[in-house]
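>>> Build me a model from this:
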Amino acid sequence: MLYSVILPTYNERENLPLIFYLLNETFETHKLNYEVVVVDDSSPDGTLEVARALQKSYGSSKVRILSREGKLGLGTAYIAGLKLAKGDRIILMDADLSHHPKFIPQMIALMDDPTTKEKVHIVTGTRYKPGGGVAGWDWYRKLTSVTANFLADFLLNPGVSDLTGSFRLYDRASVEKILSQVQSKGYAFQMEIVVRARKENMIIKEVPISFVDRIYGQSKLGPKEIILYLKGLTNLFFTM
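As a prediction, this is how the structure comes out:
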């Protein structure tokens, strides 16, 4: 079994070596076969050079790199990374250290749980169940996240507690099927994945995670992303 971790990057020079170290440590400790697919959108801070240095150190079988011209967005980064990935299972997560790889074995265990009669297609990390949480956010970020999830839950009833989270483990065939249908951009992309998965009657399980705000770099969340999210939410409400 090969696990492909897709890491979209934009100005993550400081964070990329750290997240790769934690990923390597996690997979090696649990004796799991893995690769990391870095999808970089022409980061001006030299993230691509850092990725190439990691590839030189760990080998092209562990670090795969896709460099794209321009800042093309998170959703297309996942789609492009999936085409390059060779794994049987796909892990989507942030490269800014807000998602700790230590939760990956729990996700895998839940997907492979022998007591579950039905096949589990997606395991998603949640900040909003007992055992999960957020550290380092100010009141504005917390309010934005809680409101976004409340609106999505109220309007779409997806049955998932953290609809905007991006730390997830996917069965490859399932994520390939869903991504071919997704139309939303920005943070609404994560929401639409879950909504479409539910429509396809896919089984989704949740693992509580602790989300820690980035130490290096700046958050990508701004007014533009919030507007895109609201547009995506409205579109899904009227079309799904």
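>>> CA atoms for contacts and neighbours, from now on please.
Noted.
>>> Let me see the ranges of the helices in the chain.
Applying DSSP state H to the chain gives helices spanning 15-29, 47-58, 74-84, 104-111, 139-156, 172-179, 188-199, 223-239.
>>> looking only at pLDDT, what's the mean for the fifth one?
Taken as a whole, helix 139-156 has an average pLDDT of 71.
>>> before we move on, back to that, most tightly surrounded among the helices of the chain?
Scoring those by mean neighbour count under mean count of other C-alpha atoms under 10 Å gives helix 188-199 as the most buried, with a mean of 22.
>>> Now do the contacts for Ala77.
Neighbouring residues of Ala77 by C-alpha atoms under 8 Å, 6 or more residues apart in numbering: Pro8, Val39.
>>> so Ser67 touches Ser42, yeah?
Yes. With contact defined as C-alpha atoms under 8 Å, Ser67 counts as touching Ser42 (6.6 Å).
>>> more crowded one of those two?
A direct count of neighbours by other C-alpha atoms under 10 Å for Ser67 and Ser42 places Ser42 higher, at 18 against 14.
>>> on that earlier part again, list residues touching both of Ser67 and Ser42?
Counting by C-alpha under 8 Å, 6+ apart, the contacts common to Ser67 and Ser42 are Leu48.
>>> Please report how far Leu82 lies from Ser180.
Separation of Leu82 from Ser180 (C-alpha to C-alpha, to the nearest Å): 11 Å.
>>> wait, isn't Tyr10 in contact with Gly46?
No. Tyr10 is not in contact with Gly46 according to C-alpha under 8 Å; the separation is 9.4 Å.
>>> Can you pull the poorly scored residue ranges out of this structure?
Scanning the chain for pLDDT under 70 picks out the ranges 136-138, 140, 142, 149, 154-157, 185-187, 214-233, 235-238, 240.
>>> List the contacts of Gln190.
Going by C-alpha under 8 Å, 6+ apart, Gln190 touches Leu163, Thr164, Gly165, Ser166.
>>> for those residues, which one is nearest Arg89?
Among these, Ser166 lies closest to Arg89 (C-alpha to C-alpha), at 15.5 Å.
>>> Now for that closest one: which residues touch it?
Counting by C-alpha under 8 Å, 6+ apart, Ser166 makes contact with Leu92, Met93, Asp94, Thr124, Gly125, Gln190.
>>> Could you pick out the buried ones from those residues?
Among the contacts of Ser166, the ones that count as buried by 16 or more other C-alpha atoms under 10 Å are Leu92, Met93, Asp94, Thr124, Gly125, Gln190.
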